[in-house]
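>>> using only what follows, build the 3D model:
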Amino acid sequence: MQKTIIDVLPQRLIDGLGVAGGIMPAIGFAVLLKIMMKNVYIPYFILGFVAAAWLKLPVLAIAAAALAMALIDLLRKSPEPTQPAAQKEEFEDGI
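Numbers count the residues shown, from 1 in each chain. The predicted model follows:
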């Protein structure tokens, strides 16, 4: 009779892998926050957490609201007009 690999592994190892698998989303979220966390984003994270935990909004609704806020922020910032490199600086004495 054939045994599967799972049947051969000790139960303690399988339990440890289950615990590690449960921790992985938290570690991924922590790494993501470490990379992209800036002080300007903190209110948005708090707002998203409150919307999910306290108001019990679905993730899709929170993502749609976040997209709307990002678009509003993007459209409020006017782009700087681009100038050729020679016109950016003024030289008085030629050097």
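>>> got the residue ranges for the helices in this structure?
Here the chain has its helices, by DSSP state H, at 5-8, 11-36, 42-53, 59-76, 85-88.
>>> those into CSV, with extra columns for mean neighbour count and mean pLDDT?
(Each C-beta comes from the backbone N, C-alpha and C, glycine too.) What follows is those, written out as CSV (neighbours: other CB atoms under 10 Å; pLDDT from 0 to 100):
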stretch, mean neighbour count, mean pLDDT
helix 5-8, 7, 82
helix 11-36, 9, 90
helix 42-53, 12, 88
helix 59-76, 11, 92
helix 85-88, 7, 57
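>>> gap between Val59 and Leu47?
14 Å (CB to CB, to the nearest Å).
>>> for Ile6, same thing?
43 Å.
>>> same question for Lys34.
When Lys34 is compared with Leu47 (using CB to CB), they lie 20 Å apart.
>>> and Leu55, by the same measure?
10 Å.
>>> Met36 too?
Taking CB to CB, one finds Met36 at 16 Å from Leu47.
>>> Met69: what's its closest spatial neighbour, skipping adjacent residues?
For Met69, ignoring the flanking residues on the chain, the nearest one in space by CB to CB, 6 or more residues apart in numbering is Tyr44 at 7.2 Å.
>>> my guess is the one you found contacts Ala70. True?
No. Tyr44 is not in contact with Ala70 according to CB atoms under 8 Å; the separation is 9.0 Å.
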